[in-house]
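A.B. asks: pasting the sequence and the predicted model now:
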Amino acid sequence: MSENQKYSKNDSHYSKYHANTSNYNPVSANRGVKAHWISYLAVNGLLMLINLLTGFSGGNFWFLYPLLSWGIGISIHTSVNYVISRYPYKSDRGFYIHFAVILTVSVYLFLLNVITRVNYPWFAWPVAAMGIGLGEHFVAYKRIKRIESGQMVPRLHTLWYPAVVCFFLVFVDIFSNGHVNWFWWPVVPIMLVSFVIIDSITRHRENLRTRYHEHQARSRENVNFNTQENASYSQEERREVVLERKDNATQSERKFCPRCGEVNSPGHGFCEYCGLKFE
Ligand SMILES: [Zn+2]
């Protein structure tokens, strides 16, 4: 097993769609999508036929439920495949895949609302909540695009977006019925979750950079630890050394981008943050 395979299974940051472009094979991926569509159309066509032959008694179009539920899966599969084949960079993929998934689920909720003949448009609530989240992702995505073009953007810059959303909610609360102060309920979790997500992403990247530079320093010192020669070390100490060596092996495969200063996952021919080609 190569170091690269070991990395892809052990590192929590690894994702089939994000980290390792070399794992993606467009030919087999397209074949997978095609096979998915054939079985989808065949099975649902059959179900529709059964529904038709047994009679739409009382307007009971039950075939719509498997058609739509399975439709979510096939729509996401198709759009993810499209996004991956079109965008090689992590930031683009992250945003467009998110966008496709939320759009699919929103259309599904809307259709479910319609076919169940509920008079209340309940679908608007989850769609609005997902829309706020997607808006935040869009702002973060635009921030990365600005960094790529060489501009400096403050770390917590993207917090302006949830802040605007919250001001809007406070405004609605004050100018609607008043005296209820319900705005605390959405405002507190929105700001808290936004801060925690933005902060943890930044910390994760800073941590990667620090570990990378520590590894570089260790390599220069050329410290060579041989467990055979140091048999007097306790098992616990030896375990630590082995773990450190594993960390070193992973770090040495990471690529430091000289343009944007980000540390990239192994297996990349280009910087996944700014697109600079590595030699
Ligand atoms: Zn870069």
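C.D. replies: In hand now; what should we look at?
A.B. asks: now do the contacts for residue 37.
C.D. replies: 74, 78 (C-beta atoms under 8 Å, 6 or more residues apart in numbering). No exception for glycine: its C-beta is placed from N, CA and C like everyone else's.
A.B. asks: report how many residues lie close to residue 185.
C.D. replies: Using other C-beta atoms under 10 Å, residue 185 has 11 other residues around it.
A.B. asks: tell me the pLDDT at it?
C.D. replies: Residue 185 is assigned 89 on the pLDDT scale.
A.B. asks: now do the same contact list for it.
C.D. replies: By C-beta under 8 Å, 6+ apart, the contact set of residue 185 is empty.
A.B. asks: what comes up buried for the longest helix along the chain?
C.D. replies: Longest helix in the chain, counting residues (DSSP state H): helix 184-221. Of all the residues in helix 184-221, those buried under the rule 16 or more other C-beta atoms under 10 Å are 186-187, 190, 194, 197-198, 208, 211-212, 215.
A.B. asks: what do you get for stretch 265-277?
C.D. replies: Within stretch 265-277, the residues that count as buried by 16+ other C-beta under 10 Å are 265-268, 270-274, 276.
A.B. asks: next SSE downstream of the helix or strand of the chain with the lowest mean pLDDT?
C.D. replies: None of the helices or strands of the chain scores lower by mean pLDDT, DSSP states H and E than helix 3-10, at a mean of 37. The C-terminal neighbour of helix 3-10 among helices and strands, as given by DSSP states H and E, is helix 26-53.
A.B. asks: chain center to that following helix, what's the gap?
C.D. replies: On the basis of C-alpha atoms, centre = their mean, to the nearest Å, helix 26-53 is displaced by 27 Å from the centre of the chain it belongs to.
A.B. asks: I'd like the average pLDDT over that helix.
C.D. replies: Here helix 26-53 scores 92 as its mean pLDDT.
A.B. asks: residue in the stretch 51-200 of the chain with the shortest distance to the ion?
C.D. replies: In the stretch 51-200 of the chain, the residue that lies nearest the ion is residue 148 (7.6 Å; C-beta to the ion).
A.B. asks: so that residue sits against residue 276, correct?
C.D. replies: No - counting by C-beta atoms under 8 Å, residue 276 is not a contact partner of residue 148; they are 9.3 Å apart.
A.B. asks: mutual contacts of those two, please.
C.D. replies: residue 260.
A.B. asks: contact residues of the chain facing the ion?
C.D. replies: The chain comes close to the ion at residues 257, 259-260, 271, 273-274, 276, as judged by C-beta under 5 Å from the ion.
A.B. asks: export those to CSV and append columns for secondary structure and pLDDT.
C.D. replies: Shown next, in CSV, are the residues of the chain next to the ion (DSSP: H, G, I helix; E, B strand; the rest coil; pLDDT from 0 to 100):
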residue, secondary structure, pLDDT
257, coil, 86
259, coil, 81
260, coil, 79
271, coil, 79
273, coil, 76
274, coil, 75
276, coil, 79
